[in-house]
Structures are given as structure tokens and as C-alpha cells.
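Novice: Fold the following.
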Amino acid sequence: MQSEPHNPWRGEVALMLNGEAHQCRLTLGALAELEASLGEDTLVALVARFERGAFSTRDVLALIVAGLRGGGWRGTARDLLSAEIEGGPVRAAEAAAELLARAFATP
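Specialist: Take a look at the predicted model:
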């Protein structure tokens, strides 16, 4: 069962990882980390890919890692390779899109 975000106005998105609830959030630090992981790509290009539905699993993974780390998680992308995300790849993609939308939404 998918849990609701704790505080969407703070940009939080709930995600169940290995049976444990996590609040993901794209803080300024998490966004900087995300930008670094994208290499030459930009956040604007990433947002455009999600808007077109043309995002990759790499995009989803980068967003989920950044969101988890913004929420206080201390893992890495490697840790997610064997992790179980409740709802699978579809939920991961939904959470990634929600993170992007909430990071740039105004209350």
C-alpha cells in the first residue's frame, strides 16, 4: 500500500524502500548533487524529458537517490540496485516526477 506524502508543500514524497517508509525531498543540496550526477545535462533538460515522458531509468534513479538523500537517507545509487521499491519501477518513476514537480511548485 502506498503511503501519502507527509508534507507536499515542503516538496516531500513518500517512498517505501525495503519495507521502510522514507520521505524524499529535493533540497538545494540534493538538487546540487543531482545536477552533478547528470554530468553535462541540466535540470531544465531533465524536467523537459519528464514533461515529454522521455525520461530514462538513469533519470529516475538519479532523482530517487537525490530525493532520498534530501530526506536524510545516507545510501548511494549502488544501494538502490538491489533495493525493493514498493510499487516497482512504475512507483519509482511516479515518485521521481512528483519530486521534480514539488521542488519547483509554489504554495
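
Novice: give me every residue that touches the most centrally placed residue in the chain.
Specialist: In the chain, the centroid-proximal residue (C-alpha atoms, centre = their mean) is Ile64; its distance is 3.0 Å. By C-beta atoms under 8 Å, 6 or more residues apart in numbering, Ile64 lies in contact with Leu15, Cys24, Leu80, Ile85, Ala92, Ala95, Ala96, Leu99. In short, each C-beta sits where N, CA and C put it, glycine included.

Novice: and which of the residues you listed is nearest Leu43?
Specialist: The shortest approach to Leu43 among the contacts of Ile64 belongs to Leu99, at 11.7 Å (C-beta to C-beta).

Novice: what ranges do the strands span in the chain?
Specialist: Here the chain has its strands, by DSSP state E, at 13-17, 20-24.

Novice: model confidence over the first one, on average?
Specialist: Just to be clear, that refers to strand 13-17. Mean pLDDT, strand 13-17: 96.

Novice: thinking again about what came up before, turn the strands of the chain into a markdown table, columns for mean neighbour count and distance to Ser56.
Specialist: Shown next, in a markdown table, are the strands of the chain (neighbours: other C-beta atoms under 10 Å; distance: least, C-beta to C-beta, whole Å):
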| stretch | mean neighbour count | distance to Ser56 |
| --- | --- | --- |
| strand 13-17 | 22 | 19 |
| strand 20-24 | 18 | 19 |
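
Novice: Reformat those as JSON lines; add distance to Ala48.
Specialist: Formatted as JSON lines, these follow (distance: least, C-beta to C-beta, whole Å):
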{"stretch": "strand 13-17", "distance to Ala48": "20"}
{"stretch": "strand 20-24", "distance to Ala48": "21"}
